[in-house]
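Visitor: Structure for this input, please:
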Amino acid sequence: QVQLVESGGGLVQPGGSLRLSCAASGSIFRINVMGWYRQAPGKQRELVARITSGGNTNYADSVKGRFTISRDNAKNTVYLQMNSLKPEDTAVYYCNANVVVTTTLLSGPYWGQGTQVTVSS
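Guide: Numbering: from 1, shown residues only. Predicted coordinates:
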């Protein structure tokens with residue numbers, strides 16, 4: 001019913017920047033919270049940042065001041081600007097959205113397929 005497609009991952013040197021994008025499509029009535037999570041090898045998936053439809057944001061302490069989340073409600077797209085990247089930011093980054101679908105008007109979580117971010121010299 002709903003698809004989330006991420007893009008923008010890749011290999012970057014420490015101190016570099018990347019911008020991730022995630023576009024939602026399908027039977028969307030409304031998107032509530034959108035966010036980014038990440039999972040490093042051998043670790044649990046963790047919240048990186050999230051943003052409400054009204055623009056309120058939350059960040060993990062480890063990325064505050066370096067990452068910025070934003071969204072374009074008209075395009076059903078969420079972005080993650082990542083600056084001053086560190087090797088410990090290396091992980092698979094997943095997009096998440098709480099979506100109200102048109103068929104039932106019920107909300108539920110949807111996930112993207114993940115995009116690899118590798119920070120290494």
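
Visitor: For Ser25, give its distance to Ala40.
Guide: According to CB to CB, to the nearest Å, Ser25 stands 28 Å off from Ala40. Using the backbone N, CA and C atoms, a C-beta is placed for each residue, glycine as well.

Visitor: Could you tell me the model confidence score at Ile31?
Guide: pLDDT recorded at Ile31 is 97.

Visitor: element containing it?
Guide: strand 28-39 (DSSP states H and E).

Visitor: Outside of whichever helix or strand comes after that strand itself, list whatever touches it.
Guide: Following strand 28-39 in sequence order, the next helix or strand is strand 46-51 (DSSP H and E). Here strand 46-51 makes contact (CB atoms under 8 Å, 6 or more residues apart in numbering) with 33-39, 57-60, 63, 67-71, 78, 80, 93, 96.

Visitor: Walk me through which strands strand 46-51 pairs with, and which way each runs.
Guide: Using DSSP bridges, the strands paired with strand 46-51 are strand 28-39 (antiparallel), strand 57-59 (antiparallel).

Visitor: pLDDT averaged over it - what is it?
Guide: Strand 46-51 carries an average pLDDT of 98.

Visitor: If the residue nearest to the spatial centre of the chain is in a bridge, with which residues?
Guide: Of all residues in the chain, the one closest to the mean position by CA atoms, centre = their mean is Trp36, 2.7 Å from it. Here Trp36 shows beta-bridge partners Ala49, Cys95, assigned using DSSP bridges.

Visitor: how about the strands in this protein?
Guide: Secondary structure of the chain (DSSP state E): strands at 2-7, 10-12, 18-26, 28-39, 46-51, 57-59, 67-72, 77-82, 91-101, 107-111, 115-119.

Visitor: Any buried residues in the fifth one, and which?
Guide: By neighbour count, with 16 or more other CB atoms under 10 Å as the criterion, the buried positions of strand 46-51 are 48-51.

Visitor: Distance from that strand to the middle of the chain?
Guide: Its chain's C-alpha centre and that of strand 46-51 lie 7 Å apart, by CA atoms, centre = their mean, to the nearest Å.
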